[in-house]
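**Student:** predicted coordinates and the sequence they were generated for:
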Amino acid sequence: MTALKKDHRGLRRRPLYTPLGIVVVSVLVALVLGAWLVASWGTTTVILVRHAERVSESRDADLSPAGQTRAERLADMLEGTGLDAIYASETRRTQQTAAPVASRTGVEAEVMPAARHGRLVRRLKWRHRGDVVLVVGHSNTVPLIADGLGAPIGVIEAEEYSGLWVITYSRLRGTRLLALRY
């Protein structure tokens, strides 16, 4: 009879642990959800530009004097923006467009091959959450990057070098596009 009473008492105590377990699990779920919201809240600002004018139509041409002037104008505009990263493709014209901005801001331009624009979009969304990033691309890659961020900009004409697109990307607030000329 004594053994039966001990087992019976143990059964009565177990329901007390159930509400405590529910509270502990609920607090843990709330903490994980809160951490996810804080991590996702950051708004990433991506500044997209096409490289400046080049001297010739050759595959890896340098910037023309007009292109160098445009690159300096871009550096004037972005000097105080607090850039966190700069990306340019493997061609000289994109790197020369980004160079004045890099020298004025102290941010080294990272080379990302133009063919890997999808990888760049993923990097912008995940690694640069909450950052301000300049991307210097080409007439065919800039629209693809903008589309990947959820802000379609359409076709960039062959002689169009003055476009500057500011895309703000937030997982919670969506994507916004500001199209400018410089």
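**Tutor:** Nice, thanks for sending it over.

**Student:** what's the neighbour count on the spatially closest residue to residue 130 that is not a sequence neighbour?
**Tutor:** Computed as C-beta to C-beta, 6 or more residues apart in numbering, the closest residue to residue 130 that is not its neighbour in sequence is residue 42, at 2.8 Å. Backbone N, C-alpha and C define where each C-beta goes, glycine included. Neighbours of residue 42 under the rule other C-beta atoms under 10 Å: 14.

**Student:** what's the answer for residue 129, then?
**Tutor:** Neighbours of residue 129 under the rule other C-beta under 10 Å: 16.

**Student:** same deal with residue 127?
**Tutor:** If you count neighbours by other C-beta under 10 Å, residue 127 ends up with 11.

**Student:** just use 37 as the starting number from now, easier for me
**Tutor:** Done: numbering now begins at 37, and the last item shifts to residue 163.

**Student:** and it, what's its pLDDT?
**Tutor:** pLDDT recorded at residue 163 is 91.

**Student:** how close does it get to residue 155?
**Tutor:** Separation of residue 163 from residue 155 (C-beta to C-beta, to the nearest Å) stands at 11 Å.

**Student:** cool, residue 116 as well?
**Tutor:** Distance of residue 116 to residue 155, given as C-beta to C-beta: 30 Å.

**Student:** centroid-nearest residue for this protein?
**Tutor:** Most central in the chain under C-alpha atoms, centre = their mean is residue 160, positioned 2.6 Å from the mean C-alpha point.

**Student:** which non-adjacent residue is nearest that residue?
**Tutor:** Using C-beta to C-beta, 6+ apart, the nearest residue to residue 160 is residue 82, at 5.7 Å.

**Student:** same thing with residue 209?
**Tutor:** Spatially, and ignoring its direct neighbours in sequence, residue 209 is nearest to residue 79 (6.8 Å; C-beta to C-beta, 6+ apart).

**Student:** and residue 131, what does it touch?
**Tutor:** 124-125, 145, 147, 172 (C-beta atoms under 8 Å, 6 or more residues apart in numbering).

**Student:** could you redo the last one with a cut-off of 10 Å?
**Tutor:** Residue 131 makes contact with 87, 99, 122, 124-125, 138, 145, 147, 172, according to C-beta atoms under 10 Å, 6 or more residues apart in numbering.

**Student:** tell me the spacing between it and residue 212.
**Tutor:** Using C-beta to C-beta, one gets 28 Å for the distance from residue 131 to residue 212.

**Student:** residue 169 too?
**Tutor:** Per C-beta to C-beta, residue 169 is found 15 Å from residue 212.

**Student:** looking at these two, which is more packed in?
**Tutor:** Neighbour count, other C-beta under 10 Å: between residue 169 and residue 212, residue 169 has more, with 23 against 14.

**Student:** noted, bye for now.
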